[in-house]
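Undergrad: Test case, fold it:
(2 chains)
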Amino acid sequence: MARIEAPDLPPDPTAAVQAAAAELPPELVAQTFGQYARAYVARVRSGQSGVLPVVAGLVAIMVVFEVISPNHVFLSAGNLVNLFQQSAVFMVLAMAETFALLLGEIDLSVGFVGACGGVIAVQLVQPATTSWPWWAAILAALAFCAAAGAIQGTIITRLGIPSFIVTLAGFLIFNGVMLILLLLGPFSGYPNLNIQDPNVQVLFNLMAGTIDPTVSWIAMAIMVLGLGAILWFGDQRRRRSGLVAPPVSLTVLKIALIAAAGIVVVAISDINRANFGTLAGVPWVVPIVLAVLGAWTVLLERSKYGRYVYAIGGNAEAARRAGINVALIRTVAFTLCSMTAGIGMILYASYIGGMSNNVQGGQLVLFAVAAAVIGGTSLFGGRGKVIHGVLGGLVIGGIYNGMYLQGLDVQRIFIVTGLVLLAAVSIDALSRRAATAGGGARV
Amino acid sequence: MAQVTPDSPPATEPLLKVRGLEKHFGAVQALYAVDLDLPAGYVTALCGDNGAGKSVLTKCVSGVYQPDHGQVFWEGHPVHIHSTRDASRLGIETVYQDLALCDNLDIVQNMFLGRELQRRRLLDEDEMERQSAKTLSNLRVTTVRSIRQPVASLSGGQRQSVAVAKAVMWNSKLVIMDEPTAALGVNQTRQVLDLVKRLRDRGLAVMVISHNLNDVFEVADRIAVLHLGRMVIEDKAAAFDRQSLVEYMTTGSLSRTARRGAPAETS
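TA: So this is what the prediction gives:
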């Protein structure tokens, strides 16, 4: 039963008059797991399927490729870690693109803006030239990307030019800037991270360097306990004060799933995956991706700023009338988008072991958008989550990885990825149609 | 205050008083020396044909437009309303015809849009939900299934109710509603009109802009008629009947035949 008790509310003209009416219909709060499950099924039916399609897709990819991959190596520890590393760049770029997509915009420049950041980081740590400490190089790279995003965002919002055009220009401009940056220094366009220098090795190991198994387990336990505590006490508080809250069993299920995921990731990573010698432990890229995911999830779902991003994506005019500084919010979104792309492309540099003019900035952008959309973020603004980028990035990485294991060439990989993207946007479009058809019937 | 019968004239200073308001856009004069009273505890219907100046007058009061001449008095004091923020600060909230709701956000998120409560720099969802639920139940908006459902899934009447609740949650004293029933069916129109009456009974001043004479006569205590930018008549609703109101709206004056039909002309 939903009780509303709020002793210290601002003065309300009728607080005294209708204390008796302060009861909401009982079906407002699903009290048992069964009710919640039924409500969930109803929500999926009405078109709000959430992450269900992409999780189903991931499971399908795993099953199919495990069955057909030679010697069933797809789900081996070595390949799973490899798969995550391959997907990480897509994931982070997709999380970056989420800022633009939530506004109903697109940022085509993320690939090359991020690549500029990657080149800057790689160039600045070179002992032969500037020899900056790794953290300063990363900060400089991210500052450059943020500035690039801020400039593009300002042009988009102040001059009212569609983001597609402005970031298309940015795509070309920063492709050129990246090539110029590559030619700086004595590396003939190929600055390299594979150098025996502790400072450079930090960047080199962002992707592949591993965390000691004991430390991994402890860190994972702390993270699971922390998240679990936040979930548990948050839901508990809402239940106690009679707010809309999931049943206890669902909270427990969520915490159990998080714990299981943490244990599985660490356990898989701690299996020796080397053909010769020992290679075990969680690669650094895992906590990096999780940190980006966590930070942006809190920002978008728990902060005023994030609420305004969703509001603008849903109805910019309503947001403006509510007194929201729409131009500022949008500019900041493009800034954060580009900065996150910088993180993604620094990971890319770490994966490649340097930077070169081989960066496929255009293809990376399209995969980033595809990953976000496959994960469940809408192209039309206002709907989507940061985690959709991670899940969609896993899907794309999984397809790539699985088809490479099959020895399939890049042509076919493109075709399959395209079909998956088409399937994902079709699900999005169909679910939206179901949502409009389902809504508005009640009086 | 809610017990005052609508027929007795407002004893005290009206909540909002407009005197000699003029507004022109280039060569087009939209309002000529308009007077208007909006007393607390009364529903005032603003009527007029298309182009009569209803929207312009509304926007001058809600801070969207600045009048060229004239004075606005709020609780007896002259005020200058330069923006919708100024209007909100005084306690004037406008519910636009398009409602200005974000379909992708839920009811609570919409009601607090732009004025979110925070705790430790993060959104205080619990407190916002509590206050929204309280406001909705005070207004007896009880047909929504869950306060956490997205606005996209609401019916037209429910959406209107949420927009009104959003407007009154901030201790507003005057609620301006632009064509609140224009897009609604019979049942939903009833919901909204009942809501308007509840606002009045709570002692708020309500201004309803409407083309629908059924709604006007059902809900209005007072009627003001604009014709070609001039306020042609402002009186209690009982002073009008359908025929006279239509005639005021279309011609700006009353012919003798219609005058005979009007029952309460002597007031």
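
Undergrad: where does the chain dip in pLDDT?
TA: Unless you meant another one, I'm taking chain A. Scanning chain A for pLDDT under 70 picks out A:1-31, A:43-50, A:431-432, A:434-443.

Undergrad: My question was about chain B, not that one.
TA: Low-confidence segments of chain B (pLDDT under 70): B:1-11, B:256-267.

Undergrad: just checking, residue A:120 touches residue A:141?
TA: Yes. The criterion here is Cβ atoms under 8 Å, and residue A:120 meets it with residue A:141 at 4.2 Å. For the C-beta atoms, the positions are set from N, CA and C on the backbone; glycine is no exception.

Undergrad: Give me the more crowded residue out of these two.
TA: residue A:120 (29 against 26; other Cβ atoms under 10 Å in any protein chain shown).

Undergrad: Quick check: which element contains that one?
TA: With elements taken from DSSP states H and E, the one containing residue A:120 is helix A:110-124.

Undergrad: which ones are touching the residue of chain A found nearest chain B?
TA: Using Cβ to the nearest Cβ, the single residue of chain A nearest to chain B is residue A:322, 3.2 Å away. Going by Cβ atoms under 8 Å, 6 or more residues apart in numbering or on different chains, residue A:322 touches A:311, B:100, B:113, B:114, B:115.

Undergrad: now the closest residue to residue A:92 other than its chain neighbours: how far from residue A:206?
TA: Nearest residue to residue A:92 in three dimensions, chain neighbours excluded: residue A:344, at 3.4 Å (Cβ to Cβ, 6 or more residues apart in numbering or on different chains). Here the distance between residue A:344 and residue A:206 works out to 11 Å (Cβ to Cβ, to the nearest Å).

Undergrad: for chain B, what are the nearby residues on the stretch 201-350 of chain A?
TA: A:237-238, A:241, A:243-244, A:298, A:302-304, A:307, A:310-311, A:313-315, A:317-319, A:321-324 (Cβ under 8 Å from any Cβ of the partner chain).

Undergrad: Tell me which of those fall in helices.
TA: A:237-238, A:298, A:302, A:304, A:307, A:310-311, A:313-314, A:317-319, A:321 (DSSP state H).

Undergrad: Need the max-distance pair from those.
TA: A:237 and A:317 (35.2 Å; Cβ to Cβ).

Undergrad: got the residue ranges for the strands in the chain?
TA: Unless you meant another one, I'm taking chain A. Here chain A has its strands, by DSSP state E, at A:210-211, A:282-283.

Undergrad: Switch to chain B, please.
TA: Here chain B has its strands, by DSSP E, at B:16-25, B:28-38, B:43-48, B:69-74, B:77-79, B:92-95, B:118-119, B:122-123, B:174-178, B:205-209, B:222-227, B:230-236.

Undergrad: Could you point out which of those sits nearest chain A?
TA: With Cβ to the nearest Cβ as the yardstick, what comes closest out of the strands of chain B is strand B:122-123 (4.6 Å).

Undergrad: Touching the closest one from outside, list them.
TA: A:298, A:302, A:303, A:304, A:307, B:116, B:117.

Undergrad: which residues does the fifth one contact?
TA: Read it as residue A:307. With Cβ under 8 Å, 6+ apart, residue A:307 has these contacts: B:105, B:109, B:113, B:116, B:123.

Undergrad: From the residues you listed, which land in helices?
TA: residue B:109.

Undergrad: can you list the contacts of residue A:307 in TSV and add neighbour count?
TA: Shown next, in TSV, are these (neighbours: other Cβ atoms under 10 Å in any protein chain shown):
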residue	neighbour count
B:105	24
B:109	24
B:113	25
B:116	18
B:123	20
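
Undergrad: I'd like the contacts of residue A:307 laid out as JSON lines, including distance to residue A:420.
TA: Formatted as JSON lines, the contacts of residue A:307 follow (distance: Cβ to Cβ, whole Å):
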{"residue": "B:105", "distance to residue A:420": "30"}
{"residue": "B:109", "distance to residue A:420": "32"}
{"residue": "B:113", "distance to residue A:420": "36"}
{"residue": "B:116", "distance to residue A:420": "37"}
{"residue": "B:123", "distance to residue A:420": "35"}
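
Undergrad: From the contacts of residue A:307, pick the one nearest residue B:249.
TA: Looking across the contacts of residue A:307 and measuring by Cβ to Cβ, the closest to residue B:249 is residue B:113, at 35.2 Å.

Undergrad: Leaving out sequence neighbours, find the closest residue to that closest one.
TA: residue A:322 (4.4 Å).

Undergrad: for the one you found, phi and psi?
TA: In terms of degrees, to the nearest 10, the main-chain angles of residue A:322 are phi -80, psi 10.

Undergrad: separation between it and residue B:112?
TA: Residue A:322 is 9 Å from residue B:112, where distance means Cβ to Cβ.

Undergrad: go on, residue A:236?
TA: Taking Cβ to Cβ, one finds residue A:236 at 23 Å from residue B:112.

Undergrad: likewise residue B:41?
TA: From residue B:41 to residue B:112 the distance is 27 Å (Cβ to Cβ).

Undergrad: Neighbour count: those two, which is higher?
TA: It is residue B:112, of residue B:41 and residue B:112, that has more neighbours when counted by other Cβ under 10 Å, with 25 against 20.

Undergrad: ok, the more buried one - contacts?
TA: B:128, B:131, B:132.

Undergrad: Can you give me every residue that contacts the last one?
TA: Residue B:132 makes contact with B:107, B:108, B:111, B:112, B:147, B:165, B:169 under the criterion Cβ under 8 Å, 6+ apart.

Undergrad: Return the entry from the residues you listed with the maximum number of neighbours.
TA: For the contacts of residue B:132, neighbours tallied by other Cβ under 10 Å; top is residue B:107, 28 neighbours.

Undergrad: could you pull out the helices for the stretch 151-267 of chain B?
TA: Using DSSP state H, counting those that start in this stretch, the helices of the stretch 151-267 of chain B run over B:156-168, B:186-201, B:213-219, B:242-251, B:256-261.

Undergrad: Which among the ones you listed is found nearest to chain A?
TA: helix B:186-201 (5.0 Å).

Undergrad: Would you mind listing what in the stretch 151-267 of chain B touches chain A?
TA: B:152-158, B:171, B:185, B:187-188, B:191, B:202-204.
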